[in-house]
Structures are given as C-alpha cells and as structure tokens.
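> A predicted structure for the sequence below; I have some questions about it.
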Amino acid sequence: MSDSDIIATPPHEPEAVHAEDRIHDEEDRLLPAFVREVLDAVADGDDEAARELVAELHPADIADLIELAPGDERGDLIEALAGIVDADVYAELNEYVREDVIDEMEPQQVADLAAQLDTDDAVALIEDLEQDEQLAVLRAMEPDDRAAVEEALTYGEETAGRLMQRDLIAVPEHWKVGQVIDYLRSSDELATDFWEVFVVSPNHHPVGTCKLSTILRSPRSTLVSEIMARKQTLIPVDLDQEEVALKFQKYALISAAVVDSSGRLVGMITVDDIVHIIQEEAGEDVLLLSGAGEGDINEPLVDTYKARVRWLAANLLTALVASMVISQFENAIERMAVLAALMPIVAGVGGNAGTQTLAVTVRAIATNQLTGSNHWRAVWREIRVAMMNGLTIAVLIGIGVTLVLGSGTLGTVIALAMLTNIVVAGLAGVLVPLGLEKAGADPAVASSVFVTMVTDSMGFLVFLGLATAAGL
C-alpha cells in the first residue's frame, strides 16, 4: 500500500464538508439561507424535509434556529421538528424565547421536559413561570424530581444553590477502588456525567475528591483514602454565581462540591455551567454601565423601555447640573462666543477619560483584582495615569488653540482646564465605583451617571472660571 493510499480522503468527506459549509459560516453561525430553507419547508408543510435538514445539528444549533425564526413561526417550527426538539434543546434556548415557548405548553409537557434535565436546567426551565403555572408543573412531576426542583427554588436567584446539580457520586473513604468501580456499574440511576468522585465522612461532609483517571489507574485493592486529594474548593450553597465563576477561574476547577450551612455535601457544580455564567457576567457589567438593561434582543419591548428610560432620566438630571454651572458664566460667554465652542471639548475629553478609568475599575472590582488591600494603590496609579494623559492633551489643545485663534491666554486657559478635568475624571472614575461598592451598591449600575456629572460640571466650571479670571 502506498503512502498516498494511506492519506487518501474518503469519498464521502468532501460532501460532508460541503453540507457543513451550507449550514454554518466561518464563525459557526447558522447561515440565513439555511434558516430560510428550513422555515420554507415548514411553511410548505414538508415536515420531513425540515427534519432531514436539522437532523444532524447540535442541540445548541437547533436552539439558535428557533431563536432566529420570527416569533409567529416558532410554534410551527417546533411542531414540525417533533422528536428532534428535545429537553437538551430547551436547555440551550434563550430565556425569553424559552419562556414564550413554555407558555404555550401544557403543565405535563413541561414536567416531562424537566424530568429529562439536570436539576439546574430544570429549575431554569420553570423558575420564570407564573406562580400558578409553576405549581401546576410541579404537581405534574415525579415526587423525587419535584422535591429536587422545589429545594433549588428555595435558594436565591444567581446563587450556587440554583446553579448546582444534585446528581453526583459520593463514596466513603474506607472503600477500596474495586468497590467504587463496582458501585459505579451497579445502577443506571447513578449520575452519568462527572469527572471526579467526592469522598465523604459518615455525616456526609466532603473530606476529599478522586479524579476518575486516578481511580481507573489504581489497583482494585487500593483504599480511596490513600489516593484521594484532601484539599478541595468547597462552594457555599448561597454563594453568588459570579463568585463561583471566579473560584473556578482562579483554581482551574472542572467541578466542585457545594455544601450547605452545616457543611454537608448537597450538590456539585461543573465547568460547563460556569462557562455560561462567565459569559453572562462579562457582558452584564458593560450593559449596566451603558444603561441598556439586560441588552437581550429577545427581551420584551416594555422591559427594555423601562430599563433604558430610567437611565436616560437620570442622565437628564445630571445634565441639568452641568447647565446650571454654565448659566453662572453667561456674561463671559457673551463677551467671547468662542468659549461656547471650546467648553464641550473640555467636558467631552474629560468624560472619555473618566469612562476609561471607570471601565477598568469596575472590571477590577468584578474580578476581585481590586480589594480593600490595594485600593489606595489603585487610586494613586490612576492619579499618575491621569496626570500623564492630562499633560499630553493639555499641551496639544493649548498649542492648537493658540495657533488657530491667536490667543496665548485662551490657549493657556483651556490647557489648564483640560489638565484639571482629566485628573478629576481619573479620580472620579476610580473613587465613585469604590464608594458605591463600599455602600453596598453595584458599581456597574450607577457609576457612569455620577462620573459623567462630575466630568461635565467640573469641565465647565474650571474652563469658564479660569476664562473669567483671565478677563476673557
């Protein structure tokens, strides 16, 4: 057999690649032409063709397909794909789309779906239902499944208790490896997706963990206590999901035990759940800083309006503060109209400088890089950065105004105002979020409004005040 025979491409492979190219673009997004093809098949009543088109798709891709379909076509699409749109697909759906779809289902159908999912996904499926609908679904569930979901619902939203799975493998430390392997093979009811076995004491407190690879490579006669890792990261059941994600990131965890207030093992969290949390939390602070609400294009129109209009109303109030500052210098502006053209530059550049510092500070707080141990060092660092930026921009604007307008005095005034406002912006960008965090507020929610007010007001005040003092 020649080398060319060994590496020859199978005849069917080019067709498979071609089919994949027809479905996804280079960023693994469903192509509009493919989505339209599936929807057209459904509209024509050719359900079999629609099922053939999506039969090989991953559940996440099928969820994307449902989300991309117009709202009035989703019901027909799901009905046409009966048997393909399973519990795993519902688990991948956007929460707003899933809520709309679930609202059209009977309680028993929702209960059947929930029974096929891990507890955390089952909770996500029903937690946003109306109270009466939620109760109807819970009544339709099997007693064991219902008890697990009801327990999860007692924990706060976005906590480890809501996030954790109840299905895990726990064994006593006096067992031998052979007993563990036999136990894992003994029942179909045991958890099937796990990476480590938790070792517990008689009162069910976690005392260590064993990787599956370690168990499989150890002789059957070896005691679990001899091969287990006693040091582990335990997750309190009421810990915020953002803190859970930080622990997974910091300690490079694949899974972790969740314990209640008494230290008993009650569940586990796996890294696949954390990936979603990291994505959510990463985007959340950016959206909060901009006042865009949850920023989900599937969010109901009224909810989006409410989230954004509050922010705009707050900005209106802070803008009034800046306008009041300007009103105190009407005479100076009347004497030299060019001041009105230049003062937005001072406020605008200062605002951008404050936004830069604010974004860095909020991210540092969110990722635990900025704490009580180093916050003064961070403040001093931002002062130095602001002074360096301020001097650079001040020199540029001062020289530019002097050359263009032929006034060295005006150039000096705007340079000093620019330097002052950028330094103040740097201070506000770090002190405002730190202060809000100390007060127990979310720095990402309100910081931007206060920083904008400070930079606008200070920019106008310093520039117009210096101009007045200089007799311009």
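Ah, there it is.

> and the strands in this protein?
170-172, 196-200, 206-211, 234-236, 255-259, 265-270 (DSSP state E).

> spatially central residue in the protein, please.
The centroid of the chain falls nearest to Glu280 when counting by C-alpha atoms, centre = their mean (1.4 Å).

> state the pLDDT value of that residue.
According to the per-residue confidence, Glu280 scores 71 in pLDDT.

> and the one 5 residues further on, by the same measure?
At Asp285 the predicted local confidence, pLDDT, stands at 61.

> for Glu226, same thing?
95.

> surely Asn421 touches Phe460?
No - assessed by C-beta atoms under 8 Å, Asn421 is found out of contact with Phe460, at 9.2 Å. All C-beta atoms are positioned from the backbone trio N, CA, C, and that covers glycine.

> out of these two, name the residue with the larger neighbour count.
Neighbour tally, Asn421 and Phe460, criterion other C-beta atoms under 10 Å: the higher count belongs to Asn421, 32 against 27.

> any idea how far the closest residue to Ala378 other than its chain neighbours is from Gly435?
For Ala378, the nearest residue in space outside its immediate sequence neighbours is Leu370; the separation is 5.6 Å by C-beta to C-beta, 6 or more residues apart in numbering. For Leu370, the distance to Gly435 equals 13 Å [C-beta to C-beta, to the nearest Å].

> which residues are in contact with Ala124?
Ala124 makes contacts with 91, 95, as judged by C-beta atoms under 8 Å, 6 or more residues apart in numbering.

> quick one, domains of the protein?
14-158, 170-271, 301-469 (automatic domain parsing).

> just name the most buried of those.
Highest mean neighbour count of the domains of the chain: domain 301-469, a mean of 18 (counted as mean count of other C-beta atoms under 10 Å).

> and the end-to-end length of that one?
51 Å (C-alpha to C-alpha, to the nearest Å).

> so how far is Asp76 from the closest residue to Ala50 other than its chain neighbours?
Distance criterion C-beta to C-beta, 6+ apart; nearest residue to Ala50, sequence neighbours excluded, is Ala41 at 4.1 Å. In this view, Ala41 and Asp76 are 11 Å apart by C-beta to C-beta.

> hey, what's in contact with both of Asn421 and Phe460?
Contacts common to Asn421 and Phe460, judged by C-beta under 8 Å, 6+ apart, are 346-347.

> low pLDDT regions in the protein?
Within the chain, the segments meeting pLDDT under 70 span 1-21, 281-297, 307-308, 311-312, 315, 318, 335, 367, 445-446.

> rerun at 50
1-18 (pLDDT under 50).

> where do the helices sit along the stretch 51-200 of the chain?
Secondary structure of the stretch 51-200 of the chain (DSSP state H, counting those that start in this stretch): helices at 59-68, 71-80, 87-92, 95-103, 107-115, 119-126, 131-140, 143-153, 160-163, 177-184.

> wait, which of the ones you listed is closest to Val401?
Among the helices of the stretch 51-200 of the chain, helix 95-103 comes nearest to Val401, with 50.8 Å by C-beta to C-beta.

> who are the packing partners of the closest one?
helix 59-68, helix 71-80, helix 87-92, helix 119-126 (3 or more C-beta pairs under 8 Å, 6 or more residues apart in numbering; DSSP states H and E).

> switch to 10 Å and redo it
helix 59-68, helix 71-80, helix 87-92, helix 107-115, helix 119-126, helix 131-140 (3 or more C-beta pairs under 10 Å, 6 or more residues apart in numbering; DSSP states H and E).

> and of those, who's closest to Asn203?
Across these, closest to Asn203 is helix 119-126 (C-beta to C-beta), at 22.8 Å.

> picking up where we left off before, for the helices of the stretch 51-200 of the chain, which one sits closest to Glu48?
Going by C-beta to C-beta, the one of the helices of the stretch 51-200 of the chain nearest Glu48 is helix 71-80, 9.0 Å.

> if we can go back for a sec, roughly how far apart are the residue nearest to Ala378 and Ala425?
18 Å.

> one more: Ile383?
With C-beta to C-beta as the criterion, Ile383 and Ala425 are 11 Å apart.

> ditto for Thr222
63 Å.

> check Leu30 too.
43 Å.

> ok, Leu65 next?
Distance from Leu65 to Ala425, by C-beta to C-beta: 46 Å.

> show me what contacts the nearest residue to Met458 once chain neighbours are set aside?
Using C-beta to C-beta, 6+ apart and skipping the chain neighbours, the partner closest in space to Met458 is Val424 (4.8 Å). Residues counted as contacts of Val424 (C-beta atoms under 10 Å, 6 or more residues apart in numbering) are 350, 353-354, 386, 390, 451, 454-455, 457-459, 461-462.

> how about Asp103?
Contacts of Asp103 (C-beta under 10 Å, 6+ apart): 110, 128-130, 133.

> what's the answer for Gly161, then?
Gly161 touches 120, 123, 151-155, 235-239, 241, 258, 260, 266-267, counting by C-beta under 10 Å, 6+ apart.

> hmm, try it at 8 Å
Contacts of Gly161 (C-beta under 8 Å, 6+ apart): 152, 154-155, 237-238, 258, 267.

> make TSV out of those residues and add distance to Ala319.
Formatted as TSV, the contacts of Gly161 follow (distance: C-beta to C-beta, whole Å):
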residue	distance to Ala319
Ala152	45
Thr154	45
Tyr155	42
Val237	45
Asp238	41
Val258	47
Gly267	49
